[in-house]
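Enquirer: Fold the stuff below for me.
(one chain, ligands or ions: 1)
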Amino acid sequence: MPKKTIADLGDLRGKTVLVRVDFNVPLDKKTGAVKNDRRIRGALPTVQKLLDVGAAVVAMSHLGRPEKATPEERKNLTMDKVAARFGELLGKPVQVVRPAATAAVQAMKPGDVVLLENLRFDPREQKNDPEFAAAIAALGDAYVNDAFGTCHNDHDASMVAVPAALKAAGKPRAVGLLVERELHVIDNLLGSPKRPLIGIMGGAKVSDKIAFINALLAKVDHLLIGGKMAYTFRKAQGVDVGNMKAPDEELDNARKLLHHVDRMMTLPTDYLVANSDDLTDTKVVTGSIPAGYEGVDIGPETTAHFGNKVRQAGTVIWNGPVGWFEKPAFAAGTKGVAAAMAKASADNGVVTVVGGGETAEAVEQFGHADEMTHVSTGGGAFLAYVEGKPFQSLAQIDDK
Ligand code: 3PG
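Expert: Just a heads-up that it's a prediction; the model follows:
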C-alpha cells in the first residue's frame, strides 16, 4: 500500500512539523567537525518544501552511539556542529533545543527550524519508550519520516513510538522526499529492473552480508565479488590466500555459496597483494597469494572484467568497496568500478545504484556520486530493505 507523502499532509500553513532525519554523520575524531554532510544535504528538499508551504520544522536525529562513548567522546556528540552545518545549507540559523523544549517550539514562527538535541542522550530513545515519545509527539501537528538510514531501527522511539503517539492524537504521518525516493529506487530495482541486473559486492565479512548476498542472488543475473570477502571465498575453495585469516564461521558461510561460483557469481582472477610487514611492498598475482602477503585490492584484469560487465548491464547495484580504498595505493579497483558505473550511466543509460556507508563514501571521494542514478543514504537500512525485512517505522506511516 503506498504511503502518505508530504504532499498528502494537507494545509501546513502555521503548523509545526516534526521531521525525523538521519543526521548521524561522520565526525572528525579530534575537532568533532562534520566530515561528510551527505545525509544533511539529503534531507534538505523535505525541510525546504515544508518551510515553503508555511510550516515550522522541528528536526530530530540521533548522532553516534553516546551509550558507548567516553565522557570526552560524548561532548562531541551534541548536535551543535550538525546544526551549524544544517543552518549553513538552509541559509538560516538552526537552534539546538532539548527534546522536551515545549516553550521554544511554541515560540516558533512559520519558516523557523530547530533541531532537537541528540535523541540518544536519553536512554529512553532506544527503548521505544512511550512517555519519551509522547513528550516529543506533543511538539508537532504532523510527523514526517525522512530518515531512511535509520528506518530499520525498530527500537528507536523517534522512528516508531513517536509516530504512534501522533496517530493516537489523530495527527497525520508521512514519508519525506528522501525516503520516498529511496523506496522508489530500491522497489524498482528489485521489482522490475532493466536487465541484465548485475550486483557488485565487496566488504570484509561474508557473515555480515550473507542474508543480503542471498537476497541479491535471488534477483540478479550475475554477482561480482570483490573486497576481503573474495579471499574468504577463495580460501573456502582451497586456494592459499597468504596472510589473510578467516574464522571457521566465515569459511562455513562462504562454502554454502560456493556452488554459485562461475554460474551466478564471479570471483576476482587477479589481486593486488601487499606484504603485511611492509605495505609498500606490493605486487599483482593470479591464483594463490604468497605467504606473508595479503590481498588489498582486485587486480587490473578483474577491474577491467567488472568494467565490461557494468557496461553491458541494464542495472547495477553495488554494495561494499572492492579494495582497501582508504589507502590511495590500494584504491584502483574501487575507483575503477565507480568510474565504470558513472560512465555506463552517462553513455548507455545504465541504472546505477550505490548502497551502504563506505561505498557511498568511496563514490563521493572519487567524484562520481552525482553521476550515479542513486546513492543511498542507508547503510544497514539499505541492506535490510533489499533483504525484504519489514520496517516498523514505515508501518507507522499512514497509507494513502
Ligand atoms: C546508520 O548510520 O546506519 C544509522 O544512522 C543508524 O545508526 P545505528 O547503527 O547507530 O543505529
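
Enquirer: Cys151: neighbour count?
Expert: A count of neighbours around Cys151, defined by other Cβ atoms under 10 Å, yields 29. C-beta: built from backbone N, CA, C; applies to glycine.

Enquirer: Which single residue of the stretch 301-400 of the chain ends up nearest the ligand?
Expert: With Cβ to the nearest ligand atom, the shortest gap between the stretch 301-400 of the chain and the ligand falls at Gly379, namely 4.0 Å.

Enquirer: how about the residues of the chain near the ligand?
Expert: Taking Cβ under 6 Å from any ligand atom as the criterion, the neighbours of the ligand within the chain are 22, 24, 65, 149-150, 153, 379-380.

Enquirer: Of those, just the buried ones, ChimeraX syntax please.
Expert: One line in ChimeraX is enough to select the buried members of the residues of the chain next to the ligand, burial here meaning 16 or more other Cβ atoms under 10 Å:
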select :22,24,149,150,153,379
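
Enquirer: Just send the residues of the chain next to the ligand back as a markdown table, with distance to Leu178, pLDDT and secondary structure too.
Expert: Below are the residues of the chain next to the ligand laid out as a markdown table (distance: Cβ to Cβ, whole Å; pLDDT from 0 to 100; DSSP: H, G, I helix; E, B strand; the rest coil):
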| residue | distance to Leu178 | pLDDT | secondary structure |
| --- | --- | --- | --- |
| Asp22 | 9 | 98 | coil |
| Asn24 | 14 | 97 | coil |
| Arg65 | 23 | 96 | coil |
| Gly149 | 9 | 97 | helix |
| Thr150 | 12 | 98 | helix |
| Asn153 | 16 | 98 | coil |
| Gly379 | 15 | 93 | coil |
| Gly380 | 16 | 94 | helix |
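
Enquirer: what sits up against the single longest helix found in the chain?
Expert: Here the longest helix in the chain is taken by residue count, with DSSP state H as the criterion, and it is helix 332-348. Contacts with helix 332-348, where a contact means Cβ atoms under 8 Å, 6 or more residues apart in numbering, come from 200, 202, 226, 272, 297-300, 302-304, 306-307, 310-311, 313, 316, 318, 321-323, 325, 350-352, 354, 362-363, 366, 368, 371-373.

Enquirer: Extract the CA atoms of that helix and return them as CSV.
Expert: Written as CSV, here are the backbone C-alpha positions of helix 332-348 (Å, rounded to 0.1, in the frame of the first residue of the first chain):
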residue,chain,number,x,y,z
ALA,A,332,42.4,1.5,-8.1
GLY,A,333,39.8,-1.3,-8.1
THR,A,334,37.2,0.6,-6.2
LYS,A,335,38.0,3.7,-8.3
GLY,A,336,37.7,1.7,-11.5
VAL,A,337,34.3,0.2,-10.5
ALA,A,338,33.0,3.7,-9.6
ALA,A,339,34.3,5.2,-12.8
ALA,A,340,32.9,2.4,-15.0
MET,A,341,29.4,2.8,-13.3
ALA,A,342,29.4,6.6,-13.8
LYS,A,343,30.4,6.2,-17.5
ALA,A,344,27.9,3.4,-18.1
SER,A,345,25.2,5.6,-16.6
ALA,A,346,26.1,8.6,-18.8
ASP,A,347,26.9,6.7,-22.1
ASN,A,348,24.5,3.8,-22.0
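
Enquirer: moving C-terminal of that helix, what's the next helix or strand?
Expert: Next in sequence after helix 332-348, counting helices and strands by DSSP states H and E, comes strand 351-355.

Enquirer: Need the CA coordinates for that next one. CSV is fine.
Expert: Output in CSV follows, covering the C-alpha atoms of strand 351-355 (Å, rounded to 0.1, in the frame of the first residue of the first chain):
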residue,chain,number,x,y,z
VAL,A,351,20.7,2.4,-13.9
THR,A,352,23.4,2.6,-11.2
VAL,A,353,22.5,2.3,-7.5
VAL,A,354,25.1,2.5,-4.8
GLY,A,355,24.2,1.4,-1.2
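
Enquirer: Now do it: distance to the chain's middle.
Expert: Centroid separation between strand 351-355 and its chain, computed with Cα atoms, centre = their mean, to the nearest Å, is 12 Å.

Enquirer: What ranges does the stretch 51-200 of the chain have for its helices?
Expert: In the stretch 51-200 of the chain, the segments counted as helices under DSSP state H, counting those that start in this stretch are 71-75, 80-90, 102-106, 130-137, 161-168, 177-191.

Enquirer: can you redo those helices as TSV with mean pLDDT and mean neighbour count?
Expert: Shown next, in TSV, are the helices of the stretch 51-200 of the chain (pLDDT from 0 to 100; neighbours: other Cβ atoms under 10 Å):
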stretch	mean pLDDT	mean neighbour count
helix 71-75	91	11
helix 80-90	98	19
helix 102-106	94	13
helix 130-137	97	20
helix 161-168	98	22
helix 177-191	96	19
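
Enquirer: Pipe the ones you listed into JSON lines and attach distance to Lys235 per row.
Expert: Compiled in JSON lines, the helices of the stretch 51-200 of the chain are given as follows (distance: least, Cβ to Cβ, whole Å):
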{"stretch": "helix 71-75", "distance to Lys235": "36"}
{"stretch": "helix 80-90", "distance to Lys235": "42"}
{"stretch": "helix 102-106", "distance to Lys235": "56"}
{"stretch": "helix 130-137", "distance to Lys235": "47"}
{"stretch": "helix 161-168", "distance to Lys235": "45"}
{"stretch": "helix 177-191", "distance to Lys235": "31"}
